[in-house]
Every structure is written in structure tokens, then in C-alpha cells.
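Asks: Need the 3D shape of this:
(chains A, B, C and D)
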Protein chains: 2
Amino acid sequence: MNNQHQITLKDIAQQLKLSVSTVSRALKGSTDINAETSKQVLALAEELKYSPNPIALSLKDKKTKVIGVMVQEIANNYCSAVIAGIENFACKMGYQTIISQSHEKYETEVQNTRLLASRRIDGLIISISNETRNTDHLQELIDKGIPVVMFDRVSNAIATHKVIVDDYRGAFEATCQLIEQGYENIAHITISKHLLITQNRLRGFTDALRTHQLPVRSEWILHCDFNTEATENKIRHLFCSTKRPDAVLLSVERLSITCLKVLRELELQVPDDVALSSFSDNPLSPFLNPALTSVCQPTFAMGQLAVELLIELIESKQIIKEYKTVQMKTTLHVHESSLRKAVAVGEK
Amino acid sequence: MNNQHQITLKDIAQQLKLSVSTVSRALKGSTDINAETSKQVLALAEELKYSPNPIALSLKDKKTKVIGVMVQEIANNYCSAVIAGIENFACKMGYQTIISQSHEKYETEVQNTRLLASRRIDGLIISISNETRNTDHLQELIDKGIPVVMFDRVSNAIATHKVIVDDYRGAFEATCQLIEQGYENIAHITISKHLLITQNRLRGFTDALRTHQLPVRSEWILHCDFNTEATENKIRHLFCSTKRPDAVLLSVERLSITCLKVLRELELQVPDDVALSSFSDNPLSPFLNPALTSVCQPTFAMGQLAVELLIELIESKQIIKEYKTVQMKTTLHVHESSLRKAVAVGEK
DNA sequence: CTGAAAGCGCTTACAG
DNA sequence: CTGAAAGCGCTTACAG
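Replies: This is a model prediction of the structure:
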């Protein structure tokens, strides 16, 4: 029903009895154009609210000025905050973004990546799904000349720019904070063991335990997926064991919510029975019951940087072979959930 | 640096020594094509992983299969949940979405709407900003033949399909719940008075008070914007008055967070000193301290419906003059924040 | 059954 | 300084 007509160069040319070429040149501010002609063209273009058809431009220069973004889930604080950063910088640079979701499924990620590619995006920013182990679909893009930048859940198999945080240190510090509060039986609830972030956070966790001469119990390291029921069962089982942990380091926010739910159901108090500390970027964390100790990431800045690096790859004239991995810092925000005396500093 | 070559019809035609037309027809499954030729084309296309260039297609049929979505903020639970619904259905129908943000600014909304239009989107889904009073920029799109569907913050000035909830009833019920708990001095903290949702929620609020023979105090109806500091001051002032309200109905989640912050700062307990009830769709609401009574909306379904209606407008052959406004139901989830005895049902 | 031609809206090397 | 022509990748009415 899109019956109306968008103004084209041809319309302007006809009204002014000029050729399309001349109009095009005048609009581009070409110097070798009669000043008078130029003025007329500009005036009429303004009057008719002419705006060039990006589709036609794309067809010519094989650039769409569109960046694809692949995340697990849009309706996820972490993702939407990074996306906000991406949008912010992309927009400034004249790029628009198409967001796609993997819903934590490998198959969906592959399919949707192909879909984005078939849309002729100029580049892709991706954080891989919890299931993803094979990244051929990303190499495929790169081989096609579509640059890819990874963030958060990156992969060693792909040579490209990456934006991450110091997951090792984030986990190490959070674990130390728990230990310093006197918790000695600490579990770690995390995601797929095949993801680099999982491995780094886990190393940070175990190194903190070892540094304090505490044993590492493998049965207290839970690798979960996002099937809520299965995960709830795993967590329930952990807390129902004869010897249960008195603290937990959680690798992602969504798991901390599941954990909170299970603890309520089991009538275990946080932090009196079990202390919690979690990687999380929810602005509501301090308002939770109890306020949740969080390892925070500079989400907005990460998004901005990721696009910046991507646009660098897209617009670079020569082939880039030197890729960098930018590692940003996490910040530990300590709240009631990991404090021995259930009273938060200065709050409540 | 996008130097690699995407496979085109021409490549296939050359390899098979056929014309581009024939290849095109074979790929489209045209009947009047030699079965053998057809088979060859299909096979080679498969082998070369040919995928048609959507840019070229768009240029021909003036359809981009792209839908624009304009929201206040991506990193906002309500918005991202609706967007998830939009993505879900749009994807099924072969459409992709470009998301744009107004950041609650009228100027930004107008600019970004024009930007989307210049991208030749096939249609727009929008919830207007808190500042928006004039909707000419939307009428402009419609006049250009680009259909628009509104949701949540809709406007009477635009004749089109709309997806909303029963804001009046949502506010009415939430207010009644507070009254039934014995709260009689209830304030309403809400957004721009020029928005329809504000007006409807306000009517629901005042009608509930009147139904229970309670007075409506205009000084207890706060219209806020998203300038955090100004809003905090307004709210602080409300609670510092000699006679302060003992309960508040909040119109949007973000304001409820600001309100919680101010109450903490003033050392007022929820719900003992002040009860709270808020329109909110945060999955974390039940985990807040205290758990927040929420008027919830069917966000995902709203998004799905909005695209469905939009695609109907886009693909309709004849001009549609009959527009519908679909009104969905809200659900009141009562938690501690609005319960007299600070003990939630079955929880904690 | 197949191909050459025109056209979608634009840019740009080539003439003049 | 200006215009005609070619071309980006595709579709489709028109010939044959």
C-alpha cells in the first residue's frame, strides 16, 4: 500500500530541465558546477525534501551502512546496555544496526548470522550463545569480507578485534571478598564450560580459593544452561546436599535470579545461610532483597568500543592483520548479599 | 575492506552459459523452464551458496522488508520486552527490524523518525517520547505511504492501528488495592500530562479515590520527566511536606526506582511508612526489597500484535480506512510493597 | 523454452 | 560546465 512516491533525482532534473548527472553533482557539492545551477538544485531539493535513496547507493558501492548485532537475548539487561552503546556510536558514524538474537541456541545463531549476511550487512558484532562451540559461521563471514568484532563471549578460534573484561580478576576479587567475610565453602554457578569467559571466571574463582588455602570441590562447580527447570534442579540439589556451600559466586545475572528463587523456596536466608555474589549489570541490583553484590562491567563503553573497532575494520583501506583484544575493568559493588552481618554499608 | 565477491546471478549464468534471465526464472521456480536447465541452475546456486541481493530486490519493488521501531530507550525492560515480541513475529514474516531511540526527547524522535524514513523502511512501530505533543512527523510518514502502528504511548491525532492496555482499569485496580489495605492518603507519581496513557491512568486513579469517597489532592499528583535530579527533588518535596502521603501509585517503573531511592534516603520504610504500587514489567519486581506490587502488561504479545497489524497495513492491496485500537488487559501482582503487614503471601 | 532490453535510483568516467 | 552512457543485481514484459 506504499503508493506514494519518494522524490528522486529524476524529479528534480525534470523540473529544472537538467540532466540527472548534473543534479547529482550539484547535490554532492561538486566544484565544477555553475553556481546558479547549483543554487537552484539545492533549493528545489530542500523544497521537495529530497533525500537520497540509500538502497540505490548501496547497490552501487556495495556498502549498506548497516551493522548486524547478534546477542543472546535483547530483553536482557547486559545485552540491551551494550546495544545502547553500540547504537550510540554507530549512529554518530552514520551506521544503523540490525539486532538479531540467538536465544542461546547454536542453530539459531548460525541461521540468523546467515540471514544477516544475506542482508549484506557491512559488519557484525557478536557475543556467541551458550551452546556455541563451532564458529565456522563467523569465519564464513570474514572470508566473505564481512568483518566481525566479538565481545563478552568471544572465541579463540576467530582472529579479529575483541572487547572483553578482565573476567579472571572480576571473579578473583569477588571470591576474595567472600573469603574475607569468612565464607569458606564457596560454590560457583556458571554457564557452558566451553566458553572462554566461563574458563577465565572459573580460574579466577579457583585461584582465589587456592590463594587462601581453601580446597576446590569439583562437585560445587555447576555448569548450567538456560533451561530454567534443569538449572533449578541442579541448584536445588546443590543446596540439599548434606554439606552445603555457605556462599556462591554466580557467573551471570540470570542465574543469580534462579538461585535466589531456589533459596527462597528452600527457606534459606541470604546472606545468613548462603551468601551471594554475582556478575551482574542490573541497575536494580542494589534494590534487591537482599541487595546483590555485583561484579559490574562497563557495558555502554564496551558497546561503543566494539562498533568503533568494527567500523575501523569496515572502512580501512588496507587489509588489517593486527587484531587487538581490549580488556576492560570490572568493578565490584559490595552489598548485603555477601556481607556477614546482614546490614549494608550506610544503606537501609 | 569488503573485497570479497558475493555470488550473483551473473556468475551462475556465466558458468552455465545461460542468460541472467533464465537463471533468475529457474531460481524462482518458473514452470516454463527446461527441467534439465532448472536442475543445473539450482544445483550450482546451492553449491556456490547463492543468496539473492536484497538491495537489488528492494530497488525494484520499493520494499525493503525492514520495519522501523522507535522506543524511548532500548535498555528499558518494558521496551526490550516489547521489542522481543516484535522481533519474534517480524522474523517469522521475513521482515527485519531497525531499532531507534528517542531518549525521551521530542527532537531526537523527529530526527530519528526521518532517518528511518530515509532508510526506506516499509513501516514504523512507535511509542512516543515523554516530551512529544506534536505528531506531524508521524503523519508525514503516513502521507508518504509508510504505515505506522502505535503502542503504549499512542496519540489521538494519528489515525492508525494501535495496541494499548486498559490503563484506566490498571490504575483503578491498583489504587483500589491500596485503599482496601487501609491507605487513604495516596499520591500519584506519573509522567507527562499530555500523554494519553498518563490521562487514562490518572482517571483510573482519581475515579478509584472518588469511588471510595476519598479526596483528590492535586498537589499529590506529580508529573515528572526523566531528568533524574529534578524528579528526585519533586519526590523528596512530596515526602517532606508536613502532611505526607502514606501510599503512592507510580505510573512507570523507572519512577518507582527513583522513588525507592528517595524513600531510603529519607529513611522511610516501605510499606510501613509509605506503600508503593507501580506499573512495571520487570521480572525482578518480586525480588526487590520490598517486593514491588506491579501492574503488568502483556509486553511480548503486544509487540507481536503491533507487527502483525503493521504488516497487515504494509501488505494490504487496498487502502485501509478502518483502524482498530486493540486494548489488552493488565494484571495486578500484589507484593509486600503494598501490603499492610509487611509480610508477603507465602514468600520469605 | 530462452535471451535481449528496460528499468529501479544513483554515481562517475568519458565526451564535448 | 553539462549530458549521455554504463553499471550496481535483479525482475519481467516482449520477442523469437
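
Asks: Quick check: closest non-adjacent residue to residue A:128.
Replies: residue A:153 (4.7 Å; C-beta to C-beta, 6 or more residues apart in numbering or on different chains). (Each C-beta comes from the backbone N, C-alpha and C, glycine too.)

Asks: Neighbours of that neighbour, how many?
Replies: The tally of other residues near residue A:153 (other C-beta atoms under 10 Å in any protein chain shown) stands at 20.

Asks: For residue A:138, see how far away it is.
Replies: As judged by C-beta to C-beta, to the nearest Å, residue A:153 and residue A:138 stand 12 Å apart.

Asks: Check residue A:313 too.
Replies: For residue A:313, the distance to residue A:138 - C-beta to C-beta - is 13 Å.

Asks: Helix, strand, or coil at the residue nearest to residue A:128?
Replies: coil (DSSP: H, G, I helix; E, B strand; the rest coil).

Asks: wait, it sits on residue A:200?
Replies: No - if you go by C-beta atoms under 8 Å, residue A:153 and residue A:200 don't touch, sitting 11.0 Å apart.

Asks: before we move on, the earlier item: between residue A:313 and residue A:138, who's got more neighbours?
Replies: Taking neighbours as other C-beta under 10 Å, residue A:313 and residue A:138 compare with residue A:138 leading, 24 against 21.

Asks: From residue A:52, how far off is residue A:214?
Replies: Distance of residue A:214 to residue A:52, computed by C-beta to C-beta: 64 Å.

Asks: make that residue A:174, sorry
Replies: Residue A:174 is 51 Å from residue A:52, by C-beta to C-beta.

Asks: Have a look at those two and say which one is more surrounded.
Replies: Just comparing residue A:174 and residue A:52: by other C-beta under 10 Å the higher neighbour count belongs to residue A:174, 27 against 15.

Asks: That one sits in which helix or strand?
Replies: helix A:167-180 (DSSP states H and E).

Asks: what's the closest non-adjacent residue to the residue of the stretch 101-250 of chain A found nearest DNA strand C?
Replies: As assessed by C-beta to the nearest atom of the strand, DNA strand C sits closest to residue A:120 within the stretch 101-250 of chain A, at 13.9 Å. Distance criterion C-beta to C-beta, 6+ apart; nearest residue to residue A:120, sequence neighbours excluded, is residue A:64 at 5.1 Å.

Asks: Could I get the full set of helices for the stretch 201-348 of chain A?
Replies: A:228-240, A:253-265, A:299-315 (DSSP state H, counting those that start in this stretch).

Asks: In contact with the residue nearest to residue A:120, which residues?
Replies: Residue A:64 makes contacts with A:54, A:58, A:119-122, B:55, as judged by C-beta atoms under 8 Å, 6 or more residues apart in numbering or on different chains.

Asks: which element is the residue of the stretch 101-250 of chain A closest to DNA strand C on?
Replies: Using DSSP H and E, residue A:120 maps to neither a helix nor a strand.

Asks: repeat for residue A:7
Replies: Going by DSSP H and E, residue A:7 is not in any helix or strand.

Asks: For burial, what's the neighbour tally of it?
Replies: By other C-beta under 10 Å, the residues close to residue A:7 number 17.

Asks: so what's it scoring on pLDDT?
Replies: For residue A:7, the model assigns a pLDDT of 88.

Asks: ok, and the closest non-adjacent residue to residue A:81?
Replies: Of all residues not flanking residue A:81 in the chain, residue A:299 sits nearest, at 3.7 Å (C-beta to C-beta, 6+ apart).

Asks: If you could redo that for residue A:100, that was the one I meant.
Replies: Leaving aside its sequence neighbours, residue A:100 sits nearest to residue A:112 (C-beta to C-beta, 6+ apart; 4.4 Å).

Asks: Now do the SS call for the one you found.
Replies: helix.

Asks: Report the residue ranges of every domain in chain A.
Replies: A:9-52, A:63-164+A:299-328, A:167-297+A:333-338 (the TED database).

Asks: Any idea how far the last one is from the middle of the chain?
Replies: Going by C-alpha atoms, centre = their mean, to the nearest Å, the spacing between the C-alpha centre of domain A:167-297+A:333-338 and its chain's C-alpha centre is 21 Å.

Asks: Over to that domain now: how far is its first residue from its last?
Replies: 19 Å (C-alpha to C-alpha, to the nearest Å).

Asks: what residues are up against the residue nearest to residue A:100?
Replies: So residue A:112 contacts A:70, A:100-102 (C-beta under 8 Å, 6+ apart).

Asks: try 10 Å this time
Replies: Contacts for residue A:112 (C-beta atoms under 10 Å, 6 or more residues apart in numbering or on different chains) come out as A:68, A:70, A:100-103, A:105, A:137, B:91, B:96.

Asks: Most neighbours among these, which one?
Replies: Most neighbours among the contacts of residue A:112, by other C-beta under 10 Å: residue A:68, with 27 neighbours.

Asks: Run through the bridge partners of that residue.
Replies: residue A:98, residue A:124 (DSSP bridges).

Asks: Verify the stated contact: it with residue A:126.
Replies: Yes - counting by C-beta atoms under 10 Å, residue A:126 is a contact partner of residue A:68 at 8.1 Å.

Asks: Need the residues touching each of those two.
Replies: Common contact partners of residue A:68 and residue A:126 (C-beta under 10 Å, 6+ apart): A:100, A:113, A:116, A:141, A:148.

Asks: Now the last one. Nearest residue, chain neighbours left out?
Replies: So the one you mean is residue A:148. In space, and not counting its chain neighbours, residue A:148 is closest to residue A:124: 4.8 Å by C-beta to C-beta, 6+ apart.

Asks: So what's the residue count around the one you found?
Replies: There are 24 residues near residue A:124, going by other C-beta under 10 Å.

Asks: quick one, what contacts it?
Replies: Residue A:124 is in contact with A:67-70, A:98, A:100, A:113, A:116-117, A:138, A:141-142, A:146-150, A:160, A:310, counting by C-beta under 10 Å, 6+ apart.

Asks: one more time with 7 Å
Replies: Neighbouring residues of residue A:124 by C-beta atoms under 7 Å, 6 or more residues apart in numbering or on different chains: A:68, A:70, A:116, A:141, A:146, A:148.

Asks: Would you check that the second one makes contact with residue A:102?
Replies: Yes - checked against C-beta atoms under 7 Å, the pair residue A:70 and residue A:102 is within contact range at 6.2 Å.

Asks: hang on, the earlier thing: dump the residue contacts of the residue of the stretch 101-250 of chain A closest to DNA strand C.
Replies: Residue A:120 neighbours (C-beta under 7 Å, 6+ apart): A:64, B:53-55.

Asks: contacts with DNA strand D among these, please.
Replies: B:53, B:55 (C-beta under 7 Å from any atom of the strand).

Asks: which ones among the contacts of residue A:120 are found in strands?
Replies: When strands are assigned by DSSP state E, not one member of these lies inside them.

Asks: Farthest-apart pair in the contacts of residue A:120, please.
Replies: Distances among the contacts of residue A:120 were taken as C-beta to C-beta; the most separated pair is A:64 and B:53, at 10.4 Å.

Asks: Next one: residue A:267 from DNA strand C, what distance?
Replies: Distance, residue A:267 to DNA strand C, by C-beta to the nearest atom of the strand, to the nearest Å: 67 Å.

Asks: And for that residue, the neighbour number?
Replies: So residue A:267, with other C-beta under 10 Å, has 8 neighbours.

Asks: Retrieve the pLDDT associated with it.
Replies: For residue A:267, the predicted pLDDT is 94.

Asks: likewise residue A:152?
Replies: The model's pLDDT for residue A:152 equals 98.

Asks: residues in the stretch 51-200 of chain A within reach of chain B, list them.
Replies: Residues of the stretch 51-200 of chain A lying close to chain B (C-beta under 7 Å from any C-beta of the partner chain) are A:51, A:53-56, A:58-59, A:62, A:64, A:74-75, A:80-81, A:83-84, A:87, A:96, A:98-99, A:101, A:118-120, A:122, A:143-147.

Asks: try 8 Å
Replies: Contact residues, the stretch 51-200 of chain A versus chain B (C-beta under 8 Å from any C-beta of the partner chain): A:51-56, A:58-59, A:62-64, A:66, A:73-77, A:80-81, A:83-84, A:87, A:96-101, A:114-115, A:117-120, A:122, A:143-147.
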